[in-house]
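Colleague: Provided below are the primary sequence and the corresponding predicted coordinates.
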Number of protein chains: 2
Amino acid sequence: MAWVDDDNAALVTDLYELTMAASYHARGLDEPATFDLFVRRLPDRRSFLVAAGLEQALRYLERLRFDGDAVGYLRSLGMFPDPFLERLRELRFTGDVWAVPEGELVFGQEPILRVTAPLVEAQLVETFLLNCVGFQTMVASKAARVSLACGDGRSWVDFSARRDHGADAALKASRAAVIGGASGTSLVLGGRAWGVPVAGTMAHSYVMRFDDELAAFRAFARDFDGTTLLIDTYDTEEGARRVVQVAGELAAEGRRVGAVRLDSGDLEFLSRSVRAILDEGGFPDVRIFASGDLDEWRIAELVAAGAPVDAFGVGTQLGTSADAPYLGVVYKLAEAADGPRIKLSAEKATLPGRKQVHRRRAGGELAGDVIALEGEAGVPGTPLLTPVVRAGRRTGPARDLGEIRERCREAVAELPVGLRRLDAAPGAYPVELSPGLKAVQDELRAAHRRGAPAGA
Amino acid sequence: MAWVDDDNAALVTDLYELTMAASYHARGLDEPATFDLFVRRLPDRRSFLVAAGLEQALRYLERLRFDGDAVGYLRSLGMFPDPFLERLRELRFTGDVWAVPEGELVFGQEPILRVTAPLVEAQLVETFLLNCVGFQTMVASKAARVSLACGDGRSWVDFSARRDHGADAALKASRAAVIGGASGTSLVLGGRAWGVPVAGTMAHSYVMRFDDELAAFRAFARDFDGTTLLIDTYDTEEGARRVVQVAGELAAEGRRVGAVRLDSGDLEFLSRSVRAILDEGGFPDVRIFASGDLDEWRIAELVAAGAPVDAFGVGTQLGTSADAPYLGVVYKLAEAADGPRIKLSAEKATLPGRKQVHRRRAGGELAGDVIALEGEAGVPGTPLLTPVVRAGRRTGPARDLGEIRERCREAVAELPVGLRRLDAAPGAYPVELSPGLKAVQDELRAAHRRGAPAGA
């Protein structure tokens, strides 16, 4: 076995989900329960998150099966009773899911996903849902920051595949990058899977294969009309002069060079000198593409300095979200059959009950969120969580990725300007608890002090 | 499409690999070339790397195919000539691969993998090989540090699945963790795929599902004899007292509690007080397992302080290698049909020619490596790279994961003590270039100065 697929995804779960589920099953505790998937606190270098990964999470829930191989393996562990293994054999996800639509912004403590299902089912899906939603949300959030740094006139593409954490990460990162505003990806499978533009031209090794740079440029530009030539293999400015020469030769053949790519060195200085060489050589339309260890900070610097770069490639820093390579995403019991639940451990307290997030706007800007009980009256703002699965069935078709991307762009634009700064503080956006939610919280805390720790 | 699998893995490639390959194909430049896969410099917080991911890389090479769907998609892009698409349709990997065996240590600039194949094939596999070998090498290296921190008497398990970057990362991280010394994984699919022990018992939500902690402990301990009870849901020391009570009740039934798990709070203080409670309660054999945002540094602190922790669970920090979430892993042309190649860009220079790494030992310890030309005479030390694929066929069966793990343990033990420190500098291990390699390097530099930049 080498790959995760629809047939074995049920085993992408921590063993303890299965031991807990087995115990619930044995004790008849398989009544519906509600779990929230949320990020406790935003990382130090994020002031908002972009919800993503829901589509793949729903696909997983819809197809969840423990096949013969999975059940056989679990039986071989010698720790699960037969009736539980039989339950697994028949198990389908039959619950309800409410979720924040992909592309919307989310903040700390806010449920991104709310799962209500028989306890065994709700428990078993924890690991996969965290992995799936956490990763894409992390990358889409980073991507939205890269888009902010690029500003309006410049585009960027995902170049992360080679440094992503495995092949599934590369595939999903290309999707999350597009949600966050990338115009395309270098990953061919990303283009195939998500229908997004694929980008990329040549590497240094191509240039090195030829006897000299000029020969390489001539060959590649003839093979791909309108292409991008990588000009920093030997000397970037000399490379730019060779591009002028080749572009001149091609013009006579009715062909053109589309862009040059800079991948190393002082990108601000080089982009200016290369721009000047291209302009003076008569090719003001040849665009400049920059790559090489870029992230949103470096791009913002280049943009602020007025570097004449038209588009960026962002790789490692994007796909690994290197300055915040994980989110504190958790999945917590909020309500059991007999009422709301709360976790009290210091630093890790949870919010009880079935919840909704209400988003307030003022003057066309986001003004703050209120986390409330589902159905609580008088809470201002628009509800964010919508039903996406009812009794195990999706409530609608998959959303168009282009629409999700556009929604993300609009949502970020609704942020107050201070929150769109790359250095905005993680807690800058106001998130409050509703009176109803606070009342349940207080009640449970008081009950705990009276010695009924987990009761409603 | 949602998953990467053997059928579509050929498209886990950057578009530029295909454009370059198409150009080589059109121009008859498909003669054998040699590429090196290596890490330029170790990250700031790594003084050695553990080679890993080779097994999955070889599986990929062995099964590489562009199927009808892949070729159809590429045709739809409208940028590739038909003869090239035909070449892809028939393409199999027919080259040779030399590699550092999994579990061996590697350092900056040293080829981990050396691919010699027709240029089209050698180029197309770049993205996948980097992703595959880079990720597992990163995690195995982090894992080896965790093992160093644990020292001899303590074990640890991989708890990373929920925070890993996608499902493939979770699956591969569980393997790399075991290579680096983990005794098992919480990921059930990891157990199924790699035949390694799976670990895990209960979460806070289990405890919260019951009316009180005592009821939860009783239920779980009866369902899983010898299990681990999580004791920090409400109050850790009270939890430990409840374990004593339950363990007493179970003893009368001939059952036992195996361990307690601490997942939050001051682990040094709590492990001592919990140890005392368990000992005084008559249960000195109940072990203490600790988890919760652990990494090698935190574990080393606990071990140094003499905290009575018997085993650790390491999650997020391991699977995302959070303090160094990527390696600067690259794949560079070293030799073309007509001779060695070199890349000269500042900071990104490469070593020319087909190379071998020789490892010197002195007094049972590693004394330093020499990167030499393949076949160069008089180079001291044992060659590290061995042939693993010849003419597209693997030279032997997959190695046993337990053997790889054991080899890693031995290899780390061979490091001088200063290099086994967690804070050892990235460049502390001596890696030199052989006289033969230096001579080729000088020759190519001189040729470049004479205006033949890429020539031998």
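Modeller: It's in. Numbering: from 1, shown residues only, chains lettered A, B, ... in the order given.
Colleague: and A:Gly248, that's in a strand?
Modeller: No - A:Gly248: not assigned to a strand; according to DSSP: H, G, I helix; E, B strand; the rest coil it is helix.
Colleague: Surely A:Leu344 is in contact with B:Glu238?
Modeller: No - contact criterion CB atoms under 8 Å: A:Leu344 and B:Glu238 do not qualify, at 11.9 Å. In short, each C-beta sits where N, CA and C put it, glycine included.
Colleague: contacting residues around A:Leu401?
Modeller: Taking CB atoms under 8 Å, 6 or more residues apart in numbering or on different chains, we find A:Leu401 in contact with A:175, A:178-179, A:194-196.
Colleague: So among those residues, which ones count as buried?
Modeller: A:175, A:178-179, A:194, A:196 (16 or more other CB atoms under 10 Å in any protein chain shown).
Colleague: Assign A:Ile371 to helix, strand or coil.
Modeller: A:Ile371 ends up strand, using three-state DSSP.
Colleague: quick one: contacts for it?
Modeller: Contact partners of A:Ile371, counting by CB under 8 Å, 6+ apart, are A:109-111, A:351, A:355-358, A:431-434, A:437.
Colleague: again, 10 Å this time
Modeller: Going by CB atoms under 10 Å, 6 or more residues apart in numbering or on different chains, A:Ile371 touches A:36, A:38, A:107, A:109-111, A:351, A:355-358, A:379, A:384, A:431-434, A:437-438.
Colleague: is it in a bridge, and if so with what?
Modeller: Listed beta-bridge partners, A:Ile371: A:Val357, A:Leu433 (assigned using DSSP bridges).
Colleague: again, but for A:Arg390
Modeller: A:Arg393.
Colleague: Could you check how many residues crowd around A:Asp36?
Modeller: 26 (other CB atoms under 10 Å in any protein chain shown).
Colleague: Name the helix or strand for it, please.
Modeller: Per DSSP states H and E, A:Asp36 falls inside strand A:32-39.
Colleague: Could you see whether chain B lies near that strand?
Modeller: Yes - counting by CB under 10 Å from any CB of the partner chain, chain B is contacted by strand A:32-39 at A:33, A:35.
Colleague: helices or strands up against that strand?
Modeller: Counting contacts by 3 or more CB pairs under 10 Å, 6 or more residues apart in numbering or on different chains; DSSP states H and E, strand A:32-39 packs against strand A:96-99, strand A:113-118, helix A:119-124, helix A:126-150, strand A:329-336, strand A:355-362, helix B:204-209.
Colleague: go again using 6 Å as the cut-off
Modeller: Helices and strands touching strand A:32-39, by 3 or more CB pairs under 6 Å, 6 or more residues apart in numbering or on different chains; DSSP states H and E, are strand A:113-118, helix A:119-124, strand A:329-336.
Colleague: what residues are up against A:Thr316?
Modeller: A:163, B:326 (CB atoms under 6 Å, 6 or more residues apart in numbering or on different chains).
Colleague: next one: A:Ala411
Modeller: Listed by CB under 6 Å, 6+ apart, the contact set of A:Ala411 reads A:104-105.
Colleague: Can you list the strands that the strand holding A:Asp36 pairs with?
Modeller: In its sheet, and by DSSP bridges, strand A:32-39 pairs with strand A:113-118 (antiparallel), strand A:329-336 (antiparallel).
Colleague: mind giving me JSON lines with the ones you listed and columns for mean neighbour count and mean pLDDT?
Modeller: Listed next are the strands paired with strand A:32-39 as JSON lines, based on neighbours: other CB atoms under 10 Å in any protein chain shown; pLDDT from 0 to 100:
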{"stretch": "strand A:113-118", "mean neighbour count": "24", "mean pLDDT": "98"}
{"stretch": "strand A:329-336", "mean neighbour count": "24", "mean pLDDT": "95"}
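Colleague: Using JSON lines, lay out these together with distance to A:Ser160.
Modeller: Putting those into JSON lines (distance: least, CB to CB, whole Å) gives the following:
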{"stretch": "strand A:113-118", "distance to A:Ser160": "25"}
{"stretch": "strand A:329-336", "distance to A:Ser160": "20"}
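Colleague: Near chain B, which residues of the stretch 251-400 of chain A are found?
Modeller: A:264, A:316, A:320, A:322, A:325-326, A:333, A:336, A:341, A:343, A:345, A:348 (CB under 6 Å from any CB of the partner chain).
Colleague: which of those count as buried?
Modeller: Applying 16+ other CB under 10 Å to these, the neighbour count classes A:264, A:316, A:320, A:322, A:325-326, A:333, A:336, A:341, A:343, A:345, A:348 as buried.
Colleague: Pick out the most distant pair among these.
Modeller: Maximum pairwise distance in these, criterion CB to CB, is 57.1 Å, between A:Ser264 and A:Ala336.
Colleague: Looking at the buried ones among the contacts of A:Leu401, which is nearest chain B?
Modeller: A:Trp194 (8.5 Å; CB to the nearest CB).
Colleague: The closest residue in space to that closest one that isn't next to it in sequence sits in which helix or strand?
Modeller: Leaving out its chain neighbours, the residue that sits closest to A:Trp194 by CB to CB, 6 or more residues apart in numbering or on different chains is A:Arg175, at 5.1 Å. Using DSSP H and E, A:Arg175 maps to helix A:167-179.
Colleague: and the angle for that helix with helix B:126-150?
Modeller: Interaxial angle of helix A:167-179 relative to helix B:126-150 (axes from the mean of the first three to the mean of the last three CA atoms, to 10 degrees): 110 degrees.
Colleague: which residues are in contact with helix A:167-179?
Modeller: Under CB under 6 Å, 6+ apart, the answer for helix A:167-179 is A:52, A:103, A:136, A:139-140, A:143, A:158, A:160-161, A:164, A:185, A:187, A:189-190, A:194, A:196, A:319, A:404-405, A:408, B:4, B:12, B:131, B:165-169.
Colleague: swap the cut-off to 7 Å and go again
Modeller: A:4, A:50, A:52, A:56, A:102-103, A:135-136, A:139-140, A:143, A:158, A:160-161, A:164, A:185, A:187, A:189-190, A:193-194, A:196, A:318-319, A:401, A:404-405, A:408, B:3-4, B:9, B:12, B:131, B:165-169 (CB atoms under 7 Å, 6 or more residues apart in numbering or on different chains).
Colleague: what's the neighbour count on A:Glu406?
Modeller: 14.
Colleague: For it, give its distance to A:Val106.
Modeller: 18 Å (CB to CB, to the nearest Å).
Colleague: Likewise for A:Ala52?
Modeller: 10 Å.
Colleague: Which one's more surrounded, those two?
Modeller: A:Ala52 (35 against 25).
Colleague: tell me the SS of the more buried one?
Modeller: Assigned with three-state DSSP, A:Ala52 falls in the coil class.
Colleague: List the residues that contact A:Gln441.
Modeller: Contacts of A:Gln441 (CB under 7 Å, 6+ apart): A:342, A:351-352.
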